[in-house]
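Chemist: Here is a sequence together with a model predicted from it:
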Amino acid sequence: MEESNLRREDRRTFYYIGQEAGVTLGSTVLVCGAGPIGLVSLLVAKAMGASKVAITDLSQERLSMAKEIGADFVVAVTKEDSPQSLAKNVAELLGAPPKMTIECTGAESSVQTAIYATQSGGVVVLVGLGKEMVSIPLVNAAAREVDIRGVFRYCNTWPMAIAMLSSGKVNVKPLVTHRFPLEQALQAFETTRQGPG
């Protein structure tokens, strides 16, 4: 994706980080999912002053990219990992549970991990969209006063995204993995679907 052609979903990420999650100087952040939106979340969290950012994913290739662009910690997820064990691992890496978690996958187990991992009184922002009905540890979130926020609107997202890109605070050029002419649009979608892009 070119800077000028950053997808609408990725532009929204600037809004999620700045307005909904409340990332500020010194914040500790967990990003669940190292796809395009997760990677932009990482970049924006760092640009907004996060001191430590951990990111999770199933793909080692995506985690390598996350490390390359500034993740302090990467957490390889396997299908056998329980959300509680992943949460514990994240807290150990960061030195404490993160103040905020940005969930970018929509996968049920990842949403559960986000809730378990976030410190009491912290914020989980649900960015990824998965199944309509998912099982989450709601009592755990309520007892620990974890604030769960959903975001799915485009309102007021452009000014911050444009400002951060034009100032150079966020550089999305490393996220460009492939370029396709319009005639190869089907191949481009297939490359994205298979995961290497």
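Modeler: Perfect, thanks for sending it.
Chemist: Not counting its neighbours along the chain, what's nearest the spatially most central residue of the chain?
Modeler: Centroid-nearest residue in the chain, with CA atoms, centre = their mean: G38, separated by 3.1 Å. Counting by CB to CB, 6 or more residues apart in numbering, the nearest residue to G38 once its immediate chain neighbours are dropped is C104, at 4.0 Å. Any C-beta I mention is one placed from the backbone N, CA and C, and that applies to glycine too.
Chemist: tell me, how many neighbours does A163 end up with?
Modeler: If you count neighbours by other CB atoms under 10 Å, A163 ends up with 12.
Chemist: Am I right that it sits in a helix?
Modeler: Yes - when DSSP: H, G, I helix; E, B strand; the rest coil is applied, A163 is found to be in a helix.
Chemist: I'd like to know how far it sits from S41.
Modeler: Distance of A163 to S41, computed by CB to CB, to the nearest Å: 17 Å.
Chemist: Same check on D57?
Modeler: Separation of D57 from S41 (CB to CB) stands at 12 Å.
Chemist: mind listing the strands for this structure?
Modeler: Secondary structure of the chain by DSSP state E: the strands cover 28-32, 52-57, 73-76, 100-103, 123-126, 147-150.
Chemist: correct me, but the residue nearest to the centre of the chain touches E103?
Modeler: No - checked against CB atoms under 8 Å, the pair G38 and E103 is beyond contact range at 9.1 Å.
Chemist: so what sits against both of those two?
Modeler: Here G38 and E103 have C32 as joint contacts, going by CB atoms under 8 Å, 6 or more residues apart in numbering.
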